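Novice: Dropping the sequence and predicted coords here.
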Amino acid sequence: MAEHEGGARAAGRRAGRRALTPPEWLIRGLRPQDAPVPRAAVARAAVALSAPLAVGLATGQPAYGALTSIGALSGVIGDTADAYRMRLLNIAVPQLFGAVGIMLGTLVYGQGWAAVGALTLVALVSGMISSIGAVASVSGLLLLLNAVVGAGLPMPGPWWKAPLLITLGGLFVLVLTLLGWPLRGRAPEVAAVAATYRSVAELLAAAGTSDYDARRQDVTESLNTSYDLILARRAHDHGRRGPLVRLLAQLNVVIPLVEAAAAAHRYGRASRRPEIAAAVRELADAVEHGRRTAPEAVLPSPEGPADRAVERAVRHASAVVHRPDADPARADDRLGRPAALGVRVRRATRGVLLSEQSWRYGLRLALCIGIAQSFVSLVPLTRSYWVALTVTFVLKPGFGSVFSRAVLRALGTAAGLLVATAVLAAVPRGWADVPVMMVLAALIPAFSAKGYAFQTAAITPVILLLSDVLNHQGFHLVLPRLVDSLIGCAIVLVAGYLLWPESWHTRIGDRLAQAVEDAADYVACAFGRVGSSAPGDQGERVRRRRRLYRDLSNVRSEFQRALTEPPPTGARAAAWWPLVVAVERIVDATTAARVRVDHGATPPHDAEITGIERQLRELAEGLRSSEELVEVRADLPGDDKGVLEPLRQEVRAARAIASPAPRS
């Protein structure tokens, strides 16, 4: 009896500890990401936000200095790229939208319901343009953010002065950013391509081991980064020669290496020897240091089609990287050239106006901002612009789950307010603000790399300190800001989350179904069954494969976002996660089979290809039509020793993953 009572008490203690343990979705959001601290960005932020404040104090216009620092804060938030041309766009373009936002907000300051209508309309536009891309997303954020600040804080007149000061702050960050351009003009692009070669070397080193899948994901992310950098600059370079085009040629020849690695993982023998990975690492060093000549690599003798594919890919890459007479203009341009700027603008505009997703997000953001502004118009709150400010940050796309962002925003704001309390209570306003601002500003890029809650905790005291310079409320700002933040988070949770079923019934099934259908198209294309694509049309296969892997990377991001949702969404995403990995393995198996055929293996029969394609399309249809995983039997006859047998095994595994677990 005593033993039974002791066991019951122990079980009760364990249950109590579990009840006090934060949920897993919250722990994921609070866990700091393993990212290096960007030291250059830390130094720029410290100078960019403190120098305008010092100039304002020296000239007797601290409010002017605070407004310029607010513009610099926007530039610091937007400075997230590596390549200098991309940083130019990431900072300059959003600053223009920010200037328009502060001007609109200033014009409706103190206008009551006119301000409510104006900010609601700005929120609609901001949300819709945020769906275009990264630069448009930041531009939409600053448009709405500055409009809220302009409508909530008194600005120095006339109407053009605040936009001018905000723009000057952003331009100051831009100047600080571009100081290194003459010395490091193409360094980010070169470093990205060299990093891609090193990731491929690690992939080849992991061939045949359980570490291969993780290294393949690293290669996908590295290729995405490198192509984004190179093609973004290539839009401005319409010539067919020059260092940038040569760099693109060096990047393009990585693709056969990646394809050959898929075959080496399954069938390679000689290609798994360390000399292969060492040769690719040497190519990475050659790209990074600009070496044009090197002795020919000594590679092991191939022992089959997979090994021959790896050897040819390594020697071809070495020829492009090392030989000084290699003509980049003749390199196989498999991914195509980006469209002209005017064409892309028209496509983006048409996409925004005709996209249901952009309208839904714009309406959701407008609804939340409208409710926030209406609430503060009806309920007397001190400097209540912080409510709409909170809505803007929490509902901003690209930061993860709306639900978890609201919770993390509340926690981050509370932590930031503790810092702001100490600063506002202990530091007198004046020149003492300058060194304090240097320290607080330096924390923004350092903490932003660690996660959303950390970024919020770093930005909150900076905004409060700058707000205090404008309205002189001092320590009395702290408690109202916490109340405003909680109100803003509540508005987002109700009007921006619970009222929109797609928020909490995440469409991960649709995204995954599309990836499976694209995998079926890739299987057909790889063996000449899509339109006019023939088995020899390698460029089309490569384009499809790159698009598919990029899409799968986006699906991974969508699943990661869903994992931060509370149940049932997070639990459902966790249950379906193995299927994402299975689809990636299907793509790899398809590539490996195609590489083997290209290097001497017997081609498969059309019936085998058709059977695999049919099974994948049926799986995609099942994912679209059901909220739960459904049981399907995969009947895939074929040659057990044929080139497609590993692919059939991966398809069977995917169908097995999509079967429901037996109920106990």
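Specialist: All right, it came through fine.
Novice: Surely Pro603 and Val643 touch.
Specialist: Yes. Contact between Pro603 and Val643 holds when scored by Cβ atoms under 8 Å: they sit 7.3 Å apart. Heads up, the C-betas are built off the backbone N, CA and C, glycines and all.
Novice: Among the two, which residue is more densely surrounded?
Specialist: It is Val643, of Pro603 and Val643, that has more neighbours when counted by other Cβ atoms under 10 Å, with 22 against 18.
Novice: now that one, what's its secondary structure?
Specialist: Taking DSSP: H, G, I helix; E, B strand; the rest coil as the rule, one finds Val643 in the coil state.
Novice: report the longest helix in the protein, please.
Specialist: The residue-count maximum for a helix in the chain (DSSP state H) belongs to helix 569-598.
Novice: in that one, what counts as buried?
Specialist: Along helix 569-598, the positions that meet the burial threshold by neighbour count (16 or more other Cβ atoms under 10 Å) are 569-570, 572-573, 576-577, 579-598.
Novice: same thing with stretch 162-174?
Specialist: When neighbours are counted by 16+ other Cβ under 10 Å, the buried residues of stretch 162-174 are found to be 162-174.
Novice: tell me the mean pLDDT for that stretch?
Specialist: What stretch 162-174 shows for mean pLDDT is 90.
Novice: And the pLDDT for Leu470?
Specialist: 78.
Novice: Which helix or strand contains it?
Specialist: Using DSSP states H and E, the element containing Leu470 is helix 452-471.
Novice: chain center to that helix, what's the gap?
Specialist: For helix 452-471, the separation from the chain centroid amounts to 24 Å (computed by Cα atoms, centre = their mean, to the nearest Å).
Novice: which helices and strands sit right next to that helix?
Specialist: Using 3 or more Cβ pairs under 8 Å, 6 or more residues apart in numbering; DSSP states H and E as the contact criterion, the elements in contact with helix 452-471 are helix 24-30, helix 62-78, helix 402-426, helix 433-448, helix 478-493.
Novice: What is the second one packed up against?
Specialist: Which is helix 62-78. With contacts defined as 3+ Cβ pairs under 8 Å, 6+ apart, the secondary structure elements packing on helix 62-78 are helix 39-58, helix 84-107, helix 134-152, helix 161-178, helix 433-448, helix 452-471.
Novice: Excluding covalently adjacent residues, which one is nearest to Ala279?
Specialist: With Cβ to Cβ, 6 or more residues apart in numbering as the criterion, Ala279 has its nearest non-adjacent residue at 4.3 Å, and that residue is Ala297.
Novice: which stretches of the stretch 451-600 of the chain have low pLDDT?
Specialist: Applying pLDDT under 70 to the predicted model, the residue ranges of the stretch 451-600 of the chain that meet it are 473-475, 477, 501-508, 529-539, 561, 563-571.
Novice: 50 - rerun?
Specialist: Within the stretch 451-600 of the chain, the ranges that satisfy pLDDT under 50 run 530-536.
Novice: same check, this time on the stretch 101-250 of the chain
Specialist: Within the stretch 101-250 of the chain, the set of residues satisfying pLDDT under 50 comprises 234-241.
Novice: same thing but 90
Specialist: By pLDDT under 90, the weakly predicted segments of the stretch 101-250 of the chain are 109-115, 126-142, 145-146, 149-162, 170, 174-194, 207-250.
Novice: After whichever helix or strand Ser222 is part of, which helix or strand is next? Please name it.
Specialist: Taking DSSP H and E as the criterion, the element that holds Ser222 is helix 212-234. Going down the chain from helix 212-234, the next helix or strand is helix 243-252, by DSSP H and E.
Novice: then that next one to CSV, C-alphas only?
Specialist: Output in CSV follows, covering the C-alpha atoms of helix 243-252 (Å, rounded to 0.1, in the frame of the first residue of the first chain):
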residue,chain,number,x,y,z
PRO,A,243,34.2,38.3,-64.1
LEU,A,244,30.6,37.9,-63.2
VAL,A,245,29.8,35.7,-66.2
ARG,A,246,32.8,33.6,-65.5
LEU,A,247,31.6,33.2,-61.9
LEU,A,248,28.3,32.1,-63.2
ALA,A,249,30.0,29.5,-65.4
GLN,A,250,31.9,28.2,-62.4
LEU,A,251,28.6,27.9,-60.5
ASN,A,252,26.8,26.2,-63.4
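Novice: Can you mark which positions in that helix are buried?
Specialist: If you call a residue buried by 16+ other Cβ under 10 Å, then helix 243-252 has these buried ones: 244-252.
Novice: and if you look at stretch 469-487?
Specialist: Of all the residues in stretch 469-487, those buried under the rule 16+ other Cβ under 10 Å are 469-470, 477-478, 481-482, 484-487.
Novice: my read: Gly488 touches Arg405, true?
Specialist: No. With contact defined as Cβ under 8 Å, Gly488 does not reach Arg405; the gap is 11.3 Å.
Novice: of these two, who's got more company?
Specialist: Neighbour tally, Gly488 and Arg405, criterion other Cβ under 10 Å: the higher count belongs to Gly488, 30 against 26.
Novice: Need the nearest residue in space to that one, chain neighbours excluded.
Specialist: If the residues on either side of it in the chain are set aside, Gly488 comes closest to Thr390, at 2.8 Å by Cβ to Cβ, 6+ apart.
Novice: What helices and strands are in contact with the helix or strand where that neighbour lies?
Specialist: Taking DSSP H and E as the criterion, Thr390 maps to helix 385-395. Under the contact criterion of 3+ Cβ pairs under 8 Å, 6+ apart, helix 385-395 touches helix 134-152, helix 356-378, helix 402-426, helix 478-493.
Novice: Next, format those helices as CSV and append distance to Pro461.
Specialist: Formatted as CSV, the entries for the helices and strands packed on helix 385-395 read as follows, by distance: least, Cβ to Cβ, whole Å:
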stretch, distance to Pro461
helix 134-152, 16
helix 356-378, 22
helix 402-426, 4
helix 478-493, 10
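Novice: Which of the ones you listed sits closest to Ala457?
Specialist: Set against Ala457 and scored by Cβ to Cβ, these come closest in helix 402-426, at 4.1 Å.
Novice: any idea of the angle the closest one forms with helix 569-598?
Specialist: 110 degrees (axes from the mean of the first three to the mean of the last three Cα atoms, to 10 degrees).
Novice: buried ones in helix 402-426?
Specialist: Applying 16+ other Cβ under 10 Å to helix 402-426 flags 402-417, 419-421, 423-424 as buried.
Novice: swap in stretch 100-116?
Specialist: Burial within stretch 100-116, assessed by neighbour count using 16+ other Cβ under 10 Å, is assigned to 100-109, 115-116.
Novice: start to end distance for that stretch?
Specialist: Distance across stretch 100-116, first residue to last, is 17 Å (Cα to Cα, to the nearest Å).
Novice: Stretch 349-364 too?
Specialist: Stretch 349-364 end-to-end distance (Cα to Cα) = 20 Å.
Novice: Quick check, pLDDT for the residue nearest to Ala279.
Specialist: Predicted confidence (pLDDT) for Ala297: 70.
Novice: wait, isn't it in contact with Ser318?
Specialist: Yes. Between Ala297 and Ser318 there is a contact under Cβ under 8 Å: 6.0 Å.
Novice: Tell me how many other residues crowd Lys161.
Specialist: The local packing count at Lys161 equals 17, with neighbours defined by other Cβ under 10 Å.
Novice: For it, which non-adjacent residue is closest in space?
Specialist: Of all residues beyond its chain neighbours, the one nearest Lys161 is Met155 (7.3 Å), with distances taken as Cβ to Cβ, 6+ apart.
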